[in-house]
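Visitor: fold the following and give me the result.
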Amino acid sequence: MVQLFVNKVRNGPLEDKWLNLGTVRECIEGPLQKGEAELRVCDIHTNGMWELHKISFIFPTVLSKSIKATPIRTASASDDRLSWIASPRGEFDPKSAYLIACGANASDGCFQGAWIWKLNSLPKIQVFLWKCYFNSIPVKAILTQRGLQMSPCCDLCHNMPETISHVFRECTAARAFWADSNMPDEMQNTFALEIVDWIKLWLNRNKRLFQPSQTPRNLFKSVEAQFTKKKKEEVPTREFVVHQVDGVNVKV
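Guide: Reported below is the predicted structural model:
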């Protein structure tokens, strides 16, 4: 986490460790002139310009570039301090730290997962999507990345690491599910089914580990039954108007 902080200097001693290369004295050889050991950063940086010529020795090119690339606090003359690199104000921000930990770009100021909470869906589905988006589903590949000592191999097929995409698409159990779903060939690469199907795959994965009696075919029948029920509910009912013609009721 240290590399996420940068030194913002102003009036600290020149001999402080405000450079990534170490102290200035560690980077040069030979004796210093009288008083140079007590120089402060603000003594050689005025009006936004570095005045390295005020020092009796010549800085090596690498050291000179490192000095000139150091952020300077021009708005105040306070002491040097560490600044949070992901915030324009330099203050530590838990939100940006969370995005960095998730692998997102905190500096763009745009959170790409906000659409999840705008879905017209159940909260548990939104949470599930959120976990998928940020690789927080506890599949074995993610758990091993977080330091757990276990094999990342899938417990169902024993062929590949158990990633999120493996559970839902690449595992033999997942492939069997999609094969039974009778999707057209051109749809095989889209997986454009409702999220409930994907959730059921995840639940089935857990049941197969802890309740081996559950099979992909039983899973497909369950999903198919829900899909058929939903389709029947969506079929519009036709409204009839009853007219009486010659004493006979006629539906139109």
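Visitor: how far away is residue 208 from residue 114?
Guide: According to CB to CB, to the nearest Å, residue 208 stands 34 Å off from residue 114. C-beta here means a position set from N, CA and C on the backbone, and glycine is covered the same way.
Visitor: swap in residue 182?
Guide: 35 Å.
Visitor: ok, residue 158 next?
Guide: 38 Å.
Visitor: in terms of pLDDT, where does residue 245 sit?
Guide: At residue 245, the model reports a pLDDT of 51.
Visitor: more neighbours: which of residue 208 and residue 114?
Guide: Neighbour count, other CB atoms under 10 Å: between residue 208 and residue 114, residue 208 has more, with 17 against 8.
Visitor: secondary structure element for that one, which one?
Guide: helix 195-210 (DSSP states H and E).
Visitor: got the end-to-end distance for stretch 133-147?
Guide: Start-to-end span of stretch 133-147 (CA to CA, to the nearest Å) is 20 Å.
Visitor: which positions in it come out as buried?
Guide: 133-134, 137, 139-142, 144 (16 or more other CB atoms under 10 Å).
Visitor: thought residue 152 was touching residue 161?
Guide: Yes - with contacts counted by CB atoms under 8 Å, residue 152 reaches residue 161, the gap being 4.3 Å.
Visitor: need the overlap of contacts for these two.
Guide: 140-141 (CB atoms under 8 Å, 6 or more residues apart in numbering).
Visitor: for residue 168, see how far away residue 123 is.
Guide: Taking CB to CB, one finds residue 123 at 21 Å from residue 168.
Visitor: what's the answer for residue 221, then?
Guide: From residue 221 to residue 168 the distance is 19 Å (CB to CB).
Visitor: residue 60: neighbouring residues, count only.
Guide: Residues lying near residue 60 (other CB under 10 Å) number 13.
Visitor: quick one, phi/psi of it?
Guide: Main-chain torsions, residue 60, degrees, to the nearest 10: phi -60, psi 150.
Visitor: the closest residue to residue 116 other than its chain neighbours: what secondary structure?
Guide: Leaving aside its sequence neighbours, residue 116 sits nearest to residue 129 (CB to CB, 6 or more residues apart in numbering; 4.9 Å). Look at residue 129: counting by DSSP: H, G, I helix; E, B strand; the rest coil, its state is helix.
Visitor: if I look at residue 129, how far off is residue 181?
Guide: 21 Å.
Visitor: more neighbours, those two?
Guide: For residue 129 and residue 181, the more surrounded residue by other CB under 10 Å is residue 129, and the numbers stand at 19 against 16.
Visitor: isn't that one up against residue 119?
Guide: Yes - between residue 129 and residue 119 there is a contact under CB under 8 Å: 7.4 Å.
Visitor: the stretch 51-200 of the chain: helices as residue ranges?
Guide: 61-68, 94-101, 123-133, 140-145, 164-165, 172-180, 195-210 (DSSP state H, counting those that start in this stretch).
Visitor: by contact count, what packs against the shortest one?
Guide: It refers to helix 164-165. The contact analysis (3 or more CB pairs under 8 Å, 6 or more residues apart in numbering; DSSP states H and E) places helix 164-165 against no helix or strand.
Visitor: quick one: contacts of that helix?
Guide: Defining contact as CB under 8 Å, 6+ apart, one finds that helix 164-165 is touched by 132, 135, 137, 139, 142.
Visitor: which one of these is nearest to residue 175?
Guide: Relative to residue 175, the closest of those is residue 139; by CB to CB it sits at 16.8 Å.
Visitor: confidence score at that closest one?
Guide: 91.
Visitor: quick one: low-confidence parts of this structure?
Guide: Within the chain, the set of residues satisfying pLDDT under 70 comprises 1-33, 35-48, 70-91, 98-113, 183-206, 210-220, 223, 226-227, 230-252.
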